[in-house]
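*Asks:* Make a model of this:
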Amino acid sequence: MNNIKKMLSGLQETSVIYEPNDDKPVWVITMESDVIFDLGQVITFAEKVLKSSEKSPISLRHENVPGGVRRKFIKWNPLGDLFAQVMRIDFSRFSQYYPRHDFHPYVSVVQSALEERFLLGCNARKLALSDTELIAWVDCFNGCFDDLKKRLQSSALRSKTDNFSRNARKNSASLWKYFDAVMRILGFAEVRRAELFFRKGQYWPNGTDQVEVDYKTVRNQIKRLKEALDDLPGNYLLGHALRLDHSLERGYVIHVILFVNPLLVRQVPEGAITFLGKKWSENTANKGVFYEYGGDIASPQSSYKRCGTGLCNPRDLALLHIWRTLRQNGGTGLQ
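*Replies:* Residues are numbered from 1 along each chain as shown. Now for the predicted structure:
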């Protein structure tokens with residue numbers, strides 16, 4: 001569960017986009033924040049279903065109403081309440097906003113269980129039903145819950161979830177091993193972070209047509225970025241890490257971490273990120289922009305400790321933060 005929370009936290013951090021506004025950079029919270037919240041609800045619900053010993057999240061009760069009439073009503077327990085909330089989630093938004101991401105196996109299992117009983121999108125707390133319909137509804141609701149629990153407990157799904165988590169752990173271990181090796185070169189390093197992306201609404205020319213930036217184009221740009229890093233003075237750049245991310249609101253984003261020798265910073269007066277940012281702008285015909293963490297731009301990530309930038313050593317919390325940030329995205333994003 002902790003790994004899942006970390007992955008979601010990583011996505012949440014990237015749900016804020018940078019946009020120029022009258023030449024002044026601003027950060028904008030996007031609809032992705034809501035989508036990530038819904039995704040977290042689905043996974044949390046599945047986790048609670050697995051741990052629950054209850055067989056029926058809702059039950060029928062009777063109460064006396066004026067006129068001596070006994071009326072049936074539904075009693076909801078906390079898990080039933082959460083189930084009702086999950087029913088109303090628009091699952092199609094997950095792939096819409098994150099078209100290149102792999103989601104936790106629980107997501108598709110919950111979605112399938114709801115679709116098969118026509119419960120997806122249902123507002124379970126606001127149904128006007130007769131007593132007879134109410135009985136059928138409770139049976140359907142509890143039946144879906146029971147079926148979902150069996151699917152979540154299946155050995156096949158356990159295997160899928162283990163593989164999902166294993167891949168994230170593998171990426172994490174590999175990245176940390178690399179970071180550790182870089183830090184051992186001098187025992188310390190100056191860490192710089194940035195995001196490279198395309199201006200919102202920009203397109204690439206393709207003959208007489210205009211097409212959106214595609215995956216092949218971005219991969220080619222990453223290749224050119226790596227070539228640009230080779231132009232930096234020898235022994236100045238100690239190491240680097242690049243990660244490609246994608247979502248509907250942000251499009252393609254390249255996360256960059258550079259480890260530089262602080263004893264040689266005068267060899268690149270403008271700074272490594274500014275140097276790389278200029279190359280990025282040139283290579284993209286000024287359709288690409290960049291944002292440096294810990295720079296002059298006020299943002300939710302602008303504080304030194306939160307950014308994980310500056311002078312770091314192997315035991316520095318700032319280094320641990322940047323490692324954790326990349327790791328959090330490792331099980332949900334592009335590989």
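
*Asks:* Quick check: which ranges of the stretch 151-300 of the chain have low pLDDT?
*Replies:* For the stretch 151-300 of the chain, residues meeting the criterion pLDDT under 70 lie at 200-212, 294-300.

*Asks:* Now do the strands in it.
*Replies:* Using DSSP state E, counting those that start in this stretch, the strands of the stretch 151-300 of the chain run over 189-198, 204-206, 209-211, 237-247, 251-260, 288-292.

*Asks:* So for residue 100, which of the ones you listed sits nearest?
*Replies:* Closest approach to residue 100 among these (CB to CB): strand 237-247, 4.7 Å. For glycine as for every other residue, the C-beta is placed from the backbone atoms N, C-alpha and C.

*Asks:* helices and strands around the closest one, which ones?
*Replies:* Packed against strand 237-247 by the contact rule (3 or more CB pairs under 8 Å, 6 or more residues apart in numbering; DSSP states H and E) you find helix 155-186, helix 215-229, strand 251-260, helix 317-329.

*Asks:* and these, which is most packed in?
*Replies:* By mean neighbour count, with neighbours taken as mean count of other CB atoms under 10 Å, strand 251-260 ranks first of those at a mean of 22.

*Asks:* picking up where we left off before, make CSV out of the helices and strands packed on strand 237-247 and add distance to residue 291.
*Replies:* Below are those laid out as CSV (distance: least, CB to CB, whole Å):
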stretch, distance to residue 291
helix 155-186, 22
helix 215-229, 15
strand 251-260, 10
helix 317-329, 15
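
*Asks:* Would you list the phi and psi of the closest residue to residue 184 other than its chain neighbours?
*Replies:* Excluding its sequence neighbours, the residue lying closest to residue 184 (CB to CB, 6 or more residues apart in numbering) is residue 314, at 7.4 Å. Main-chain torsions, residue 314, degrees, to the nearest 10: phi -60, psi -20.

*Asks:* thought residue 314 was touching residue 182?
*Replies:* No. Counting by CB atoms under 8 Å, residue 314 sits too far from residue 182 to count as a contact (9.7 Å).

*Asks:* so what's the residue nearest to residue 184 up against?
*Replies:* Counting by CB atoms under 8 Å, 6 or more residues apart in numbering, residue 314 makes contact with 180, 183-184, 187.

*Asks:* what about residue 75, distance to residue 220?
*Replies:* Distance, residue 75 to residue 220, using CB to CB, to the nearest Å: 59 Å.

*Asks:* and what of residue 256?
*Replies:* Residue 256 is 16 Å from residue 220, by CB to CB.

*Asks:* what separates the closest residue to residue 152 other than its chain neighbours from residue 44, distance-wise?
*Replies:* Spatial nearest neighbour of residue 152, excluding adjacent residues (CB to CB, 6+ apart): residue 50 at 5.2 Å. Remark: distance between residue 50 and residue 44 (CB to CB) = 11 Å.

*Asks:* Between these two, which is the more surrounded one?
*Replies:* Between residue 50 and residue 44, counted using other CB atoms under 10 Å, residue 44 has the larger neighbour count: 17 against 14.

*Asks:* Quick one: residues contacting the more buried one.
*Replies:* residue 82.

*Asks:* give me the number of residues near residue 275?
*Replies:* 17.

*Asks:* Please report phi then psi for residue 122.
*Replies:* Taking degrees, to the nearest 10 as the convention, residue 122 sits at phi -80, psi 140.

*Asks:* I figured it hits residue 89, correct?
*Replies:* No. Residue 122 lies out of contact with residue 89 (CB under 8 Å); the separation is 10.8 Å.

*Asks:* Neighbour count for those two, which is higher?
*Replies:* Shown here are residue 122 and residue 89; by other CB under 10 Å, residue 89 has more neighbours (21 against 17).

*Asks:* in which helix or strand would I find the nearest residue to the more buried one once chain neighbours are set aside?
*Replies:* Spatially, and ignoring its direct neighbours in sequence, residue 89 is nearest to residue 38 (4.7 Å; CB to CB, 6+ apart). Using DSSP states H and E, residue 38 sits in helix 32-51.

*Asks:* for that helix, which positions count as buried?
*Replies:* Across helix 32-51, burial judged by 16 or more other CB atoms under 10 Å covers 32, 35-36, 38-46, 48-49.

*Asks:* Quick one: mean pLDDT for that helix?
*Replies:* Looking at helix 32-51 alone, the average pLDDT works out to 90.
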